[in-house]
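Only the shape, not the letters, is given here:
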């Protein structure tokens, strides 16, 4: 498979107040350059991204050794997903899609 569950983006009211709980609960450490990004202490596995403004959603990461962002977007659209209108930054490395049930998620390269 060319996609993996890279991160769960969790909407929280306060990153600095929430990070200690989630770090201890999951046995994760915050990245030194960004305390909102928590990851397994052994480095392997799905990360947790704490966010005060974005809704809770999945970030699916493209395995660039076997596929591309556009190929995966096309594959998911063929499965019933739809592109979502989004205000993308100029250097966006992601596409926002909606699953057939309307659930939003991101594909990230």
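Cool, the structure landed. This is a predicted model, so every value here is computed, not measured. Numbers count the residues shown, from 1 in each chain.

So for the helix or strand where residue 10 lies, what gets flagged as buried?
Residue 10 belongs to strand 3-11 when assigned by DSSP states H and E. Judged by neighbour count (16 or more other CB atoms under 10 Å), strand 3-11 contains these buried residues: 3, 6, 7, 9, 10. C-betas here are computed from N, CA, C, even on glycine.

now those residues in a markdown table, with distance to residue 27 and pLDDT?
Formatted as a markdown table, the buried residues of strand 3-11 follow (distance: CB to CB, whole Å; pLDDT from 0 to 100):
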| residue | distance to residue 27 | pLDDT |
| --- | --- | --- |
| 3 | 25 | 95 |
| 6 | 18 | 95 |
| 7 | 16 | 96 |
| 9 | 19 | 97 |
| 10 | 16 | 96 |
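
Quick one, grab the pLDDT at residue 1.
You'll see residue 1 listed with a pLDDT of 63.

For residue 14, see how far away the spatially most central residue of the chain is.
For the chain, the residue nearest the mean C-alpha position is residue 59 (2.3 Å; CA atoms, centre = their mean). Residue 59 is 21 Å from residue 14, where distance means CB to CB, to the nearest Å.

same for the host helix or strand of residue 72, what does it pack against?
Applying DSSP H and E as the criterion places residue 72 in helix 69-78. Secondary-structure packing of helix 69-78 (3 or more CB pairs under 8 Å, 6 or more residues apart in numbering; DSSP states H and E): strand 57-62, strand 94-98, strand 104-108.

contacts for the last one?
In this case it means strand 104-108. By CB atoms under 8 Å, 6 or more residues apart in numbering, the residues outside strand 104-108 that reach it are 3, 6, 9, 55, 57-62, 69, 72-73, 76, 84, 93-99.

and those residues, which are buried?
Using 16+ other CB under 10 Å, the buried ones in those are 3, 6, 9, 57-62, 69, 72-73, 76, 94-97.

ok so, going back, and which of the buried residues of strand 3-11 is nearest to residue 37?
Distance to residue 37, by CB to CB, is smallest for residue 7 among these, at 7.9 Å.

gap between the nearest residue to residue 64 once chain neighbours are set aside and residue 58?
Leaving aside its sequence neighbours, residue 64 sits nearest to residue 109 (CB to CB, 6 or more residues apart in numbering; 6.5 Å). Per CB to CB, residue 109 is found 15 Å from residue 58.
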